[in-house]
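S.K.: sequence below, structure please.
(4 chains)
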2 protein chains.
Amino acid sequence: MDEFDRKLLNQMQINNRQTAEILSEKVGLSPAACQKRLKKLRETGVIASDISVLDPASIGRRMTMIVEVTMERERPEYLDEFKRKMRASPEVMQCYYVTGTADFVLIVTAKDMKDYEEFTRNFFFQNSNVRRFQTNVVMDGVKVGLAVPLSGDGEG
Amino acid sequence: MDEFDRKLLNQMQINNRQTAEILSEKVGLSPAACQKRLKKLRETGVIASDISVLDPASIGRRMTMIVEVTMERERPEYLDEFKRKMRASPEVMQCYYVTGTADFVLIVTAKDMKDYEEFTRNFFFQNSNVRRFQTNVVMDGVKVGLAVPLSGDGEG
DNA sequence: CGTGAAAGAGCGGACTT
DNA sequence: AAGTCCGCTCTTTCACG
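M.R.: Sure thing, here's the model as predicted:
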């Protein structure tokens, strides 16, 4: 994991459809060397996946909510059950188990408020282990991404 | 935007490096038809971008924090300034402007607590328009992604 | 790590329904 | 308008220096 790899990864986090030739110009290596490095980065799991990112608005998923969920009991079996449900639910884009005031933070997409209300009925009101939840409606997705900063450190 | 497009997009949200031939088997179209649809989906912005997703753990165990920020004044010029800074900061993976108890919700990565404290100094304490912020440390990234559900409707 | 040849994928045009 | 077939071009891949 040297400076070449970092430059490569920074590029791939922006656009993974760039040809090896274009990448080679940007990082200062030959095209083949870039491809070999990328292959290794994929094999070792540094690159976890390669995906298309959709525009939610283009698909009719116009609302995004950030939800803080507080559980009634923090027993592992209840938490695991909740995690399992969140993973299985397509409306839940992201789910984090956190310390602090809440137990979980979710990022949920919905077509409209009615759609979201149905979600809350199914997953919160109907779940007796959910003590309370607080919804924040997103007005502006200022920055949305998964890009990891690579400047400087990191242990490969 | 029909069932073929939805199947295509669902596949591309999992892996955008599948060949048109493999995609054609999965969605029931010819390879060429898949490519033409994908091209149109990119041109129309339904596919917003194509990226590599890195494994944060492979890059040096970084911490993830979810931060709720409350501003002193909600005047547009202050908000825009804050948004600009968040977009420019690599530590900020995601930033949402929201209704509710807080004004912004951030998802921040840091190398360690010291690194995060430095971040808070630079962006919160040093910014007189930040009234307060509350940090939730992520213990388990139960579900992390940007995949949008496509089941059913939506208006391309 | 860089070079060169071979296999494979993407791309666009013409034709069909 | 959309899908298929069939060329061509570019990209990736691998063996070797």
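S.K.: any idea whether A:Gln134 is helix, strand or coil?
M.R.: Under DSSP: H, G, I helix; E, B strand; the rest coil, A:Gln134 falls in the strand class.
S.K.: pretty sure it contacts A:Val67?
M.R.: Yes. Here A:Gln134 reaches A:Val67: they are 7.0 Å apart, a contact under C-beta atoms under 8 Å. (C-beta placed from N, C-alpha, C; glycine too.)
S.K.: higher neighbour count, these two?
M.R.: Using other C-beta atoms under 10 Å in any protein chain shown as the criterion, A:Gln134 and A:Val67 rank with A:Val67 on top: 22 against 13.
S.K.: hey, what's the residue nearest to that one when sequence neighbours are not counted bridged with?
M.R.: Spatial nearest neighbour of A:Val67, excluding adjacent residues (C-beta to C-beta, 6 or more residues apart in numbering or on different chains): A:Leu106 at 4.4 Å. Beta-bridge partners of A:Leu106, counted by DSSP bridges, are A:Val67, A:Cys95.
S.K.: surely A:Leu106 touches A:Glu91?
M.R.: No. Counting by C-beta under 8 Å, A:Glu91 is not a contact partner of A:Leu106; they are 9.1 Å apart.
S.K.: find the nearest non-adjacent residue to the residue sitting furthest away from the middle of chain A, please.
M.R.: Distance from the centre of chain A peaks at A:Ser30, with 32.2 Å (C-alpha atoms, centre = their mean). In space, A:Ser30 comes closest to A:Ser24 once its chain neighbours are excluded; the distance is 5.7 Å by C-beta to C-beta, 6+ apart.
S.K.: can you check A:Val138 too?
M.R.: Nearest one to A:Val138, counting by C-beta to C-beta, 6+ apart, is A:Thr64 at 4.0 Å.
S.K.: who touches the helix or strand where that neighbour lies?
M.R.: For A:Thr64, the element it lies in under DSSP states H and E is strand A:63-71. Contact partners of strand A:63-71, identified using C-beta atoms under 8 Å, 6 or more residues apart in numbering or on different chains, comprise A:56, A:78-79, A:82, A:93, A:101-113, A:115-116, A:124, A:129-138, A:141, B:96, B:98, B:105.
S.K.: now, which of these lie within strands?
M.R.: A:93, A:104-110, A:130-138, A:141, B:96, B:98, B:105 (DSSP state E).
S.K.: just the buried subset of the residues you listed, please.
M.R.: Among the ones in strands among the contacts of strand A:63-71, those classed as buried by 16 or more other C-beta atoms under 10 Å in any protein chain shown are A:93, A:104-110, A:130, A:133, A:135-138, A:141, B:96, B:98, B:105.
S.K.: which parts of chain A sit against DNA strand D?
M.R.: Applying C-beta under 7 Å from any atom of the strand, one finds that chain A approaches DNA strand D through A:19-21, A:31-32, A:35, A:39.
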